[in-house]
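*Asks:* everything below, folded, please.
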Amino acid sequence: MQVFFFSILTATLFYFTPAIHGRDQSVLPPPKSPLILEVRGAVSRTNAEGAAHFDMAMLRLLPAAQLETTTAVTDGVRRFDGFLMRDLLAHVGAQGTTVTARALNDYTIDIAIEDFDRFDVLVAYEMDGEPLLTSDKGPLWIVYPRDQHMELQDIRFDYRWVWQLRWLDIR
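*Replies:* Residues are numbered from 1 along each chain as shown. Model (predicted):
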């Protein structure tokens, strides 16, 4: 168990501290598995032509976050595991005021980056301990903490819950 923990700690430190290892801080490591998320636009850390590409293993190295909340499309309180959108944006060096989120089905919406500073908006990869599948809102779903803030229980925010998230464009 200690060896496993040390391996995870070492991998995490290597991924998040490129300067210590003499790597260019503007370059992210390339994905080694299928591409899950592409972040492009006004980002300073990339690993592809003008973009940051992530596989699921890379996304799981971001600081983990958990949220319990109801949704407009599921029954009861659900537990979501993933990472905070603001942590992802900081990781890629995002500079802008708007994130355009686009899903696999081409659903697209503009979200003010201010949302991610004001609220603990999660990018979930699990719901109730189970990986989100493409056939059921996965592999990534933008989730707002709607039960923690009355103002988020408004249809205008429900439109920002992008499931099957695949692309982010920072402007």
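
*Asks:* secondary structure element for the residue at minimal distance from the centre of the chain?
*Replies:* A centroid search over the chain (CA atoms, centre = their mean) returns residue 123, at 4.0 Å, as the residue closest to the centre. Assigned by DSSP states H and E, residue 123 belongs to strand 122-127.

*Asks:* what sits closest to residue 81 if chain neighbours are left out?
*Replies:* Closest residue to residue 81 apart from its sequence neighbours, by CB to CB, 6 or more residues apart in numbering: residue 126 at 4.1 Å. Just so you know, the C-beta spots here come from the backbone N, C-alpha and C atoms, and that holds for glycine as well.

*Asks:* quick one: the closest residue to residue 54 other than its chain neighbours from residue 55, how far?
*Replies:* Of all residues not flanking residue 54 in the chain, residue 37 sits nearest, at 4.5 Å (CB to CB, 6+ apart). Distance, residue 37 to residue 55, by CB to CB, to the nearest Å: 9 Å.

*Asks:* higher neighbour count, these two?
*Replies:* Set residue 37 next to residue 55 and count neighbours by other CB atoms under 10 Å: residue 37 wins out with 21 against 15.

*Asks:* what distance do you get for the more buried one to residue 28?
*Replies:* 12 Å.

*Asks:* so what sits against both of the two?
*Replies:* Counting by CB atoms under 8 Å, 6 or more residues apart in numbering, the contacts common to residue 37 and residue 28 are residue 53.

*Asks:* strands of the protein, start to end?
*Replies:* Per DSSP state E, the chain carries strands over the ranges 37-41, 51-54, 64-69, 78-84, 98-103, 108-112, 122-127, 130-131, 141-143, 165-170.

*Asks:* pLDDT weak spots in the protein?
*Replies:* Scanning the chain with the threshold set as pLDDT under 70 gives 1-26.

*Asks:* excluding sequence neighbours, find me the nearest residue to residue 36.
*Replies:* residue 56 (5.2 Å).
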